[in-house]
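Asks: need coordinates for the following:
(chains A and B)
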Amino acid sequence: MAQVSSIADEQTSTPLSSSKSITLKIARYNPEHDESSKFMEFSIPYEKWTTVLEAILEVKKHFDHSVAVRYSCRQATCGSCGMIINGKPRLACFTKISELNSDIVTVEPMNNFPIIRDLAVKFERLFDSHQKIKPYLIRDDSELEADAKEFLQSPQELEQYIQFANCIKCGLCNSACPTMATDSSFVGPQALAQAYRYVADSRDKGKDSRLKIIDDSHGIWRCHFAGSCSQVCPKGVDPAMGIQLLRGYLLGFRS
Amino acid sequence: MTQDERKEGIKGMANPGRYGIERVAYWLMRLSGLGLLGYFVAHIYETSNILRGQVGWDEFLDLTQTTEGHLFLTLVIGMCVFHTVNGIRVMLGHGGVGVGKPARPDYPYDPASQNYRHKIGIYSAILLAAVAMMYGLAVMFGE
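Replies: From the prediction side, this is the model:
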């Protein structure tokens, strides 16, 4: 019990005692014994700087500690706290309640991901897709054994992919994608953007093998450039741009 | 599809307003594509009536000379124009044209691929479709 108490004390760093309050609606669902999800409502005080994650942790601390939510860094770096907030995929730690301009804040688990419980979803498929596109530099073994320990790169070459290296694998892009909503086999914008990140890296020599992987009926051709992935990305990765540039390689516009 | 999978499904497409005009364009592109496919099938059936001779052909053609027929053809004109113009925009985008260049993103991270060029393309497609529909209505109902 003492351990539970100490975890709860750690959960919210800022006491919430403002006169302003919102109604926080949290989707509750346990696939093991619930038929469908249902919402629980809590009245939560908030300040100008209070994030949705802090409001959820307030619920866990004072009302119902059984609410399942995944989080870690609280600064949009770990990519753990992605969820649907007022109908749109966002990071809970990166979304201030005051920015939502609503007296009711509804939080649900991300779409297109299997639910573990409540707001926590399974990331296995996202990580599998990410792994599938070989997210590492591919070089000949002989080069790696040579005396040269660095692969030099100019600042201009770095600019070609550095934007896409900001991906934190939060899954918001996959949650917003309309193709992911209907095609269970689609590789997804996250993995495709990462494929571009490595294809565009001047140090990499695995372009052909990566293009072969994504040149599939459920691969890059299923993207219809709706752009929703880029609109919800909390790190400015712009997966839609990466996917279109990547498709340029396959269509012969780029080499 | 179980609750456990939480696939958004078709209703994700039926609520395009959350993600701006680009998602609306995606939704209209899908709808107009399906509509034109339906029209293509109906058109083959319609033209096959010529096998019934001139009387059969004229009888079927009379169906399009009604108010409902004119409205249907106006809709087809709109779908055709939107699908063509927006299709050119999407094809250019697929080739990497007009989607911007990779650069270090700055907060608030406005995506470069959702730029004004593509927005102009989408609004142009909608506007041209509306103009073509109005012209079609004027021709068909103006007599």
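Asks: tell me how many other residues surround the closest residue to B:Ile10 other than its chain neighbours.
Replies: In this structure, B:Ile10 finds its nearest non-sequential neighbour in A:Thr182, 6.9 Å apart by CB to CB, 6 or more residues apart in numbering or on different chains. Using the backbone N, CA and C atoms, a C-beta is placed for each residue, glycine as well. Using other CB atoms under 10 Å in any protein chain shown, A:Thr182 has 17 neighbouring residues.
Asks: and for A:Glu32?
Replies: With other CB under 10 Å as criterion, A:Glu32 counts 7.
Asks: you'd agree it is in a helix?
Replies: No - counting by DSSP: H, G, I helix; E, B strand; the rest coil, A:Glu32 is not part of a helix but coil.
Asks: and the residue most central in space within chain A, how close does it get to chain B?
Replies: Nearest to the geometric centre of chain A sits A:Cys170, at 1.8 Å (CA atoms, centre = their mean). Note on A:Cys170: its distance to chain B, by CB to the nearest CB, to the nearest Å, is 13 Å.
Asks: once you drop chain neighbours, what's closest to that residue?
Replies: Nearest non-adjacent residue to A:Cys170, counting by CB to CB, 6+ apart: A:Gly79, 3.4 Å away.
Asks: how many neighbours does the residue of chain B found nearest chain A have?
Replies: Here chain B gets closest to chain A at one residue, B:Pro105, 2.7 Å apart by CB to the nearest CB. Neighbours of B:Pro105 under the rule other CB under 10 Å: 18.
Asks: circling back to that earlier point, phi, psi of the residue nearest to the centre of chain A?
Replies: phi -80, psi -20 (degrees, to the nearest 10).
Asks: ok, now which ones touch it?
Replies: Neighbouring residues of A:Cys170 by CB atoms under 8 Å, 6 or more residues apart in numbering or on different chains: A:79-82, A:91, A:234.
Asks: in strands only, show me those.
Replies: A:82, A:91 (DSSP state E).
Asks: out of the contacts of A:Cys170, what pair is the most spread apart?
Replies: For those, the farthest-apart pair by CB to CB is A:Ser80 and A:Pro234; their separation is 11.9 Å.
Asks: residues in contact with stretch A:245-254?
Replies: With CB under 8 Å, 6+ apart as the test, stretch A:245-254 has contacts from A:192, A:195-196, A:199-200, A:207, A:211, A:214-215, A:220, A:223, A:255, B:94-97, B:99, B:102.
Asks: make that stretch A:135-152, sorry
Replies: A:194, A:197-198, A:201, A:203-206, A:209.
Asks: so which residue of chain A comes closest to chain B?
Replies: A:Gly236 (2.7 Å).
Asks: once you drop chain neighbours, what's closest to that residue?
Replies: A:Gly236 sits nearest to B:Pro105 (CB to CB, 6+ apart), 2.7 Å away.
Asks: cool, B:Phe82 as well?
Replies: Counting by CB to CB, 6+ apart, the residue nearest B:Phe82 is B:Ala129, at 3.9 Å.
Asks: next, the contact list for that neighbour, please.
Replies: Taking CB under 8 Å, 6+ apart as the test, what B:Ala129 contacts is B:77-79, B:81-82, B:85.
Asks: what helix or strand is the spatially most central residue of chain B on?
Replies: Geometric centre of chain B, nearest residue: B:Ser32, 3.3 Å, by CA atoms, centre = their mean. For B:Ser32, the host element (DSSP states H and E) is helix B:21-48.
Asks: quick one: list the elements packing against that helix.
Replies: The contact analysis (3 or more CB pairs under 8 Å, 6 or more residues apart in numbering or on different chains; DSSP states H and E) places helix B:21-48 against helix A:228-232, helix B:10-13, helix B:67-94, helix B:116-141.
Asks: and chain B, which of its residues are near chain A?
Replies: Within chain B, the residues that sit near chain A (CB under 8 Å from any CB of the partner chain) are B:3-10, B:12-13, B:15, B:18-20, B:22-23, B:25-26, B:29, B:90, B:93-97, B:99-100, B:102-107, B:109, B:111-114, B:118.
Asks: around chain B, pick out the residues from the stretch 51-200 of chain A.
Replies: Neighbours of chain B within the stretch 51-200 of chain A, by CB under 8 Å from any CB: A:87-88, A:109-115, A:121, A:159-164, A:166, A:176, A:178, A:180-182, A:184, A:200.
Asks: re the thing from before, which among the contacts of stretch A:135-152 count as buried?
Replies: A:194, A:197-198, A:201, A:204, A:206 (16 or more other CB atoms under 10 Å in any protein chain shown).
Asks: tell me where the stretch 1-150 of chain A has strands.
Replies: Listed in chain order, the strands of the stretch 1-150 of chain A (DSSP state E, counting those that start in this stretch) span A:21-28, A:38-45, A:82-85, A:88-91, A:104-108, A:115-117, A:120-121.
Asks: can I get those in JSON lines with distance to B:Leu51, mean neighbour count and mean pLDDT?
Replies: As requested, these are arranged in JSON lines below (distance: least, CB to CB, whole Å; neighbours: other CB atoms under 10 Å in any protein chain shown; pLDDT from 0 to 100):
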{"stretch": "strand A:21-28", "distance to B:Leu51": "58", "mean neighbour count": "18", "mean pLDDT": "97"}
{"stretch": "strand A:38-45", "distance to B:Leu51": "59", "mean neighbour count": "14", "mean pLDDT": "96"}
{"stretch": "strand A:82-85", "distance to B:Leu51": "55", "mean neighbour count": "26", "mean pLDDT": "97"}
{"stretch": "strand A:88-91", "distance to B:Leu51": "54", "mean neighbour count": "24", "mean pLDDT": "96"}
{"stretch": "strand A:104-108", "distance to B:Leu51": "56", "mean neighbour count": "19", "mean pLDDT": "97"}
{"stretch": "strand A:115-117", "distance to B:Leu51": "56", "mean neighbour count": "19", "mean pLDDT": "95"}
{"stretch": "strand A:120-121", "distance to B:Leu51": "57", "mean neighbour count": "22", "mean pLDDT": "96"}
